[in-house]
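[1] Pasted the sequence and its predicted model underneath.
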Amino acid sequence: MLYREAGDFKTTYSLDQQTFPIRSERWLFWLFIAFAFLVVPFLINDYWNKAVLMPLLIYCMAALGLNILVGYCGQVSLGTGGFMAVGAFAAYKLMTSFPGMDMFSVTILSGVITAAVGVLFGLPSLRIKGFYLAVATLASQFFLVWMFNKFAWFYNYSASGQITAPERTIFGYAVTGPNTLPWATYLFSLTIVFVFAWVARNLTRGRLGRSWMAIRDMDIAAEIIGVSPLRAKLSAFAVSSFYIGMAGAMFFANYLGAAEVTEAFGIDKSFLVLFMVIIGGLGSILGSFLGAGFLVLLPVLLKNIMVNQLGWPTDLAAHIQIMLIGGLIVFFLIVEPHGLAQLWRITKEKLRLWPFPY
Amino acid sequence: MKMKSMLLAAAVAATMGATPAFAELVFPSLSYRTGPYAPNGIPFADGYADYLTLVNERDGGVGGVMISNPECETGYNTEKGVECYESTKGEGSGALIYQPLSTGITYQLIPKVTADGIPLHSMAYGRTSAMNGKVFDWVFNYPANYWDGATIAVQHAKDMSGGDLNGKKIALVYHNSAYGKEPIRTLEEKAKTEGFELMLIPVDHPGQEQKSQWLQIRRERPDFVFMWGWGVMNAVAIQEAANIRFPMDHFIGIWWSGAEQDVLPVGDGANGYKSLNFTYVGTDKPVFADIQKHVVDAGKAAGDGSNIGTVQYNRGMYAAMLAVEAARKAQELTGKTEITAADMREGMEHLDVSDDRMAEIGMPGFGPAVSVTCANHGGSGAALVQQWDASAKKWNAITDLIASNRDLVTKLALEDAAAFAAENNITPRACN
């Protein structure tokens, strides 16, 4: 009833190929975006910003990046944590070396630096595939973390190896450092995520995205029809690392404010983002968002219910939360092996026919 | 439907229980009872909670105002630490003091508490230069800090080698994080003046695998090994040291690497292992009778009671005692019973817990006397050396409190604080 395409006629190719072909879905999308940009900034407080929305946006960004590499190009990567660290340290060095630089430039330049590093570590993908590539990217994870620990230049020779974000402003409002207003950092991150999710969506349905998918589906066939594996694979590594680097930069500068490489960008980060991509749905932009939402919001929600509402001891709640989330991951993967995005796709198919399915 | 309404009722009841109408002193506890650091996190959190419960039950709170102690599980993880800080800082009438028991989270919170105006007490951990109250108004690290610890460990090694460390080799086995890296600067300075060679051996989180590090120690044969470890890393390191037959009395841990949980798993092999300490170990003080009566027997203990009297439990009690005394001081200074975080800061800055005062509250000689001033947020900096007796399963203090090399520590802290002030555009306060 609410969700149907009757009467929604497509008269041009661009209308036919748009991302949201159904009018009600378009409306829903724009309403959601308007809510996120125009309503949330007025409601947000420190807790919602720091504990819920910032991690959500940043992990969405990281999952988006990894999804380009793993989901669209089929190159398994376990180096996400390391690439996020590159983004974070690049942001730190840029912020401290060029105090006048604005945060949009810092974040995007950190992404560019990470893209260069990503291409470097993507080179092995030209020779090896599958599990072997996973091991090569795992090596990059450990190498990068080791490097940021080893060479004091990266953390400006501070005694503790910690990097701390100095205060930087956009249009006069602080977006990094302790004196930020919650809506400022939120809007800053939301803008970046919105713009680059838009870019990602259009990249993946363009020529570049199609060459990635061709490589993913069968690399030899792709080469025969004229897709250059070198260009496709390295561009996937570059774009993916660009996104992950920006996520790392925001993670450090806007969200945590201080970071320590072993603890913040360890191997568990790599796995966390990979799980987000797998649970959300490989090769789906929406999947990246759903997966990140699932793994970021659910623990906070469960904690709030169990500790604040039910008054359970914190350790019991923490253990039950781990078990519940593990159980839910297994449950969702059994019910829908293609991830939450596929679940949403099926729901939509059903909704189109509702209430008269045949 | 019935289930749903029951849940709803429970939720409503819980919310009502969580927001009491009367004023209270909110001391949030960012604890960790899960994960690889839980062996040390649990007893500390229990001690902290039990002492606050005791003050509530026995004395009816501080100056008639009850203390509430909302706990939040951080898992020693900075992201969860941030979530915990944001969720507890507005609790009730507002959090009065944070003690996160994690150097990483402390670094994270220093700018935040300064902006929000809530005191942070990193008791013998955290950023060493926070002892400089002129730059760090809201951060305190009395009674001692890691640079004190480093100089005390060097002093003890020197005493053991007949007063001369020239040509000796000292290895530092450290948790590869802000915590473990903290003493390096001081040890490097000390290496220059004392003439020993310093070997740095990092152990990555969580520290369950240290074979290669100890192989290196076996090969290089350092005369002393110092350790800045935490959680499971401690027990693993002591086990590995026992495996390579390193002389245990030449293996000295910082105060966070010397609890029962760290040495008991190693059994007899841990005999003779040394660590620094600054709090009392055991249950032979009047306060423990009160804890037994008002807390444990009343069924209000935070843990199962098995940790009472252990190193970390007692240190948690000591931390809670300092917080309670600071709140008392704040009430005294302001003449109000319902203090704010700013009053609490004043209380901490004028805190003076003498030996007599500790005796009064049933804790004679429990830890070093603490006297805080506007310029010195770092206390006295003294600690003693204790040694593990594996057959008696007991820590024995083998020295008196050793004074740290405060001249050096203050000098280094001044440099670091000045760098922090420059980075963050802070003009140091003038302290009179």
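    Sure, I can see it. Residues are numbered from 1 along each chain as shown, chains lettered A, B, ... in the order given.
[2] Skip the chain neighbours and tell me the closest residue to the residue nearest the centre of chain B.
    Taking C-alpha atoms, centre = their mean as the criterion, residue B:123 is the residue nearest the geometric centre of chain B, at 4.4 Å. The spatial neighbour of residue B:123 that comes closest, neighbours along the chain excluded (C-beta to C-beta, 6 or more residues apart in numbering or on different chains), is residue B:319 at 4.9 Å. For the C-beta atoms, the positions are set from N, CA and C on the backbone; glycine is no exception.
[3] Report how many residues lie close to that neighbour.
    Here the neighbour count serves as a burial measure; for residue B:319 (other C-beta atoms under 10 Å in any protein chain shown) it reads 25.
[4] Show me which residues of the host helix or strand of it are buried.
    The secondary structure element spanning residue B:319 is helix B:311-334 (assigned by DSSP states H and E). Buried residues in helix B:311-334, defined by neighbour count with 16 or more other C-beta atoms under 10 Å in any protein chain shown: B:311-331, B:334.
[5] ok, now stretch A:317-329?
    A:317, A:318, A:321, A:325, A:329.
[6] tell me the average confidence for stretch B:335-344?
    Per-region confidence: stretch B:335-344 scores 92 on mean pLDDT.
[7] Now do that stretch: everything it contacts.
    B:23, B:25, B:63-65, B:93-97, B:117-119, B:326-327, B:330-331, B:333-334, B:347 (C-beta atoms under 8 Å, 6 or more residues apart in numbering or on different chains).
[8] For those residues, which ChimeraX command selects only the ones that are buried?
    Selecting in ChimeraX just the buried members of these, where the criterion is 16+ other C-beta under 10 Å, is done with this command:
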select /B:25,63,65,93,95,96,97,118,119,326,327,330,331,334,347
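[9] where in chain B is pLDDT low?
    By pLDDT under 70, the low-scoring segments of chain B are B:1-22.
[10] per-domain residue ranges of it.
    Domain assignment for chain B, taken from automatic domain parsing, gives B:23-145+B:281-379+B:412-423, B:146-280+B:383-410.
[11] gap between the first one and the chain center?
    Its chain's C-alpha centre lies 9 Å from the corresponding centre of domain B:23-145+B:281-379+B:412-423 when counted by C-alpha atoms, centre = their mean, to the nearest Å.
[12] Straight-line length of that domain, end to end?
    One end of domain B:23-145+B:281-379+B:412-423 sits 39 Å from the other (C-alpha to C-alpha, to the nearest Å).
[13] With stretch B:396-409 instead?
    The distance separating the two terminal residues of stretch B:396-409, taken as C-alpha to C-alpha, comes to 27 Å.
[14] how about it, does it get close to chain A?
    No: Stretch B:396-409 does not reach chain A (C-beta under 8 Å from any C-beta of the partner chain); its nearest approach is 12.6 Å.
[15] who's in contact with that stretch?
    Around stretch B:396-409, the neighbours that count as contacts under C-beta under 8 Å, 6+ apart are B:128, B:131, B:144-145, B:147-149, B:151-152, B:154-156, B:186, B:189-190, B:274, B:277-278, B:281, B:368, B:380-389.
[16] Would you confirm that residue B:123 contacts residue B:99?
    Yes: with contacts counted by C-beta atoms under 8 Å, residue B:123 reaches residue B:99, the gap being 6.4 Å.
[17] intersection of neighbour lists for these two?
    With contacts taken as C-beta under 8 Å, 6+ apart, the residues that reach both residue B:123 and residue B:99 are residue B:319.
[18] Sketch out the low-pLDDT regions of chain A for me.
    Per-residue confidence of chain A (counting by pLDDT under 70) places the weak regions at A:1-2, A:358.
[19] one step back: by neighbour count, sort out the buried ones in the contacts of stretch B:396-409.
    Judged by neighbour count, with 16+ other C-beta under 10 Å as the criterion, the buried members of these are B:128, B:131, B:144-145, B:147-149, B:151-152, B:154-156, B:186, B:189-190, B:274, B:277-278, B:281, B:368, B:380-388.
[20] What about the residues you listed, which are in strands?
    Counting by DSSP state E, the buried ones among the contacts of stretch B:396-409 place B:274, B:277, B:384, B:385, B:386, B:387, B:388 in strands.
[21] so which two of those are the farthest from each other?
    The distance between the two most remote of those (C-beta to C-beta) is 13.9 Å, for B:384 and B:388.
[22] host element of the residue nearest to residue B:364 when sequence neighbours are not counted?
    Counting by C-beta to C-beta, 6+ apart, the nearest residue to residue B:364 once its immediate chain neighbours are dropped is residue B:358, at 5.8 Å. Secondary structure here is read from DSSP H and E; on that basis residue B:358 sits in helix B:355-360.
[23] Touching that helix from outside, list them.
    With C-beta under 8 Å, 6+ apart, helix B:355-360 has contacts from B:321, B:325, B:364, B:365, B:366, B:367, B:369.
[24] Buried residues, that helix. List them.
    By neighbour count with 16+ other C-beta under 10 Å, helix B:355-360 contains the buried residues B:357, B:358.
[25] Quick check: what element follows it along the chain?
    Going down the chain from helix B:355-360, the next helix or strand is strand B:370-371, by DSSP H and E.
[26] My understanding was that residue B:369 contacts residue B:363; is that so?
    No: here residue B:369 does not reach residue B:363: they are 11.3 Å apart, not a contact under C-beta under 8 Å.
[27] What is the neighbour count of residue B:266?
    As a measure of burial, residue B:266 has 23 neighbours, counting by other C-beta under 10 Å.
[28] and it, backbone torsions?
    Its backbone dihedrals place residue B:266 at phi -80, psi -20, with angles given as degrees, to the nearest 10.
[29] List the contacts of it.
    B:235, B:238, B:239, B:242.
[30] switch to 6 Å and redo it
    If you count contacts by C-beta atoms under 6 Å, 6 or more residues apart in numbering or on different chains, residue B:266 has them with B:238, B:239, B:242.
[31] gap between it and residue B:388?
    Residue B:266 is 9 Å from residue B:388, where distance means C-beta to C-beta, to the nearest Å.
[32] Please apply the same query to residue A:186.
    Counting by C-beta to C-beta, the gap from residue A:186 to residue B:388 is 51 Å.
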